[in-house]
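S.K.: turn this into a structure:
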Amino acid sequence: MENSKNKTDNFLKAIKKYADEQRSAMQTEVAQLKEEKLKEATEKGRHDSEKYIKDKLEESRKFRKVRKNCFSRELK
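M.R.: Residues are numbered from 1 along each chain as shown. So this is what the prediction gives:
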């Protein structure tokens, strides 16, 4: 009877150890995925911000050019 209890205890310990290892592996994988997704989102945000600024600067240059041309015509 004692031998059977020891076998059962050892079996349960092995299952718990395996479950703990799997949990740890999953937590590590989740942390890595979160880090990758955050990095991707940061890069996309930076890219989108730079594009927005570039577009606004170009829009401003075009506006100044049109305004300058209109002002030049008024002076003639």
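S.K.: and Cys70, how far from Phe63?
M.R.: When distance is defined by CB to CB, to the nearest Å, Cys70 is 11 Å away from Phe63. No exception for glycine: its C-beta is placed from N, CA and C like everyone else's.
S.K.: ignore what I typed, I meant Ala19.
M.R.: Taking CB to CB, one finds Ala19 at 65 Å from Phe63.
S.K.: again, but for Ser24
M.R.: From Ser24 to Phe63 the distance is 58 Å (CB to CB).
S.K.: swap in Asn69?
M.R.: 11 Å.
S.K.: show the pLDDT at Lys5.
M.R.: Note on Lys5: pLDDT of 88.
S.K.: now stretch 18-29 - C-alpha only, PDB.
M.R.: Presented in PDB, the C-alpha positions along stretch 18-29 are these (Å, rounded to 0.1, in the frame of the first residue of the first chain):
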ATOM      1  CA  TYR A  18       5.700  19.300 -16.100                       C
ATOM      2  CA  ALA A  19       2.800  21.700 -15.700                       C
ATOM      3  CA  ASP A  20       5.100  24.300 -14.000                       C
ATOM      4  CA  GLU A  21       7.600  24.000 -16.900                       C
ATOM      5  CA  GLN A  22       4.900  24.400 -19.500                       C
ATOM      6  CA  ARG A  23       3.400  27.400 -17.600                       C
ATOM      7  CA  SER A  24       6.900  29.000 -17.500                       C
ATOM      8  CA  ALA A  25       7.500  28.400 -21.200                       C
ATOM      9  CA  MET A  26       4.100  29.900 -22.000                       C
ATOM     10  CA  GLN A  27       4.700  33.000 -19.900                       C
ATOM     11  CA  THR A  28       8.100  33.500 -21.600                       C
ATOM     12  CA  GLU A  29       6.500  33.100 -25.000                       C
END
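S.K.: show me what whichever helix or strand Asp55 is part of is packed up against.
M.R.: For Asp55, the element it lies in under DSSP states H and E is helix 2-75. With contacts taken as 3 or more CB pairs under 8 Å, 6 or more residues apart in numbering; DSSP states H and E, helix 2-75 sits against no other helix or strand.
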